[in-house]
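Colleague: here are the coordinates; sequence isn't available:
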């Protein structure tokens, strides 16, 4: 090769080849990227943000889309923080925003309530400290990851777009993180419902 340095700068050959794009802010990621990932996913859609609140604002008819996905055979999972947990209250003290963390979680629960009864749609609470500092959204073999910085809310934190291309790469590491939280989680009660049942 005449210009190996230039080629390496263009063609990813190492572990970073799973990185599709990076954004300094989650809000800088085009809504078309999210919509494409949600629309194209056929087997799995996992929303492991602590509140997942922004999804309902940014994506029109999301509930209907998720219902169609689930009825088509896809597994749709939501991993949330518990709105009444001490961890949630501590995060609220850090963020100091008018729209509190617990309120944002309850808004998501209200939307999920409307999906009750749809097979293959599940919601769980995670009590793990590692959940609140890292949001992972999986769509089959692609993923959007947001590591939360200091006291910043999600849309002000950076975002990575990953595509799975190897075993035990970045994608698999984050996927394993989510599976651990999911396995340790407990059923999330729908909004305004104190029963222990998860979304059936």
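Modeller: Thanks, I have it. Quick caveat, the model's predicted, so the values are computed rather than measured.
Colleague: need the contact list for residue 102.
Modeller: Residue 102 makes contacts with 83, 84, 88, 89, 92, as judged by Cβ atoms under 8 Å, 6 or more residues apart in numbering. All C-beta spots, glycine's among them, are computed from the backbone N, C-alpha and C.
Colleague: name the residues of the host helix or strand of the third one that are buried.
Modeller: So the one you mean is residue 88. Assessed by DSSP states H and E, residue 88 sits inside helix 86-95. Buried residues in helix 86-95, counting neighbours by 16 or more other Cβ atoms under 10 Å, are found at 87, 88, 91, 92, 95.
Colleague: burial count for residue 117?
Modeller: Neighbour count for residue 117, taken as other Cβ atoms under 10 Å: 9.
Colleague: could I get the pLDDT score of it?
Modeller: Looking at residue 117, its pLDDT stands at 89.
Colleague: that one should be in a helix, yeah?
Modeller: No: counting by DSSP: H, G, I helix; E, B strand; the rest coil, residue 117 is located in no helix; its state is coil.
Colleague: coming back round to it: okay, who's weakest in the buried residues of helix 86-95 by pLDDT?
Modeller: residue 95 (82).
Colleague: which two of the contacts of residue 102 have the greatest separation?
Modeller: Largest separation among the contacts of residue 102 by Cβ to Cβ: 84 and 92, giving 11.6 Å.
Colleague: contacts for stretch 27-40, please.
Modeller: 21, 23, 45, 58-59, 62, 65, 69, 137, 139-140, 142, 144, 155-156, 159, 161.
Colleague: from the residues you listed, which land in strands?
Modeller: 21, 23, 45, 137, 139, 142, 144, 159, 161 (DSSP state E).
Colleague: tell me the one of these nearest residue 74?
Modeller: residue 45 (6.0 Å).
Colleague: which residues does the closest one bridge with?
Modeller: For residue 45, the beta-bridge partners under DSSP bridges are residue 76, residue 139.
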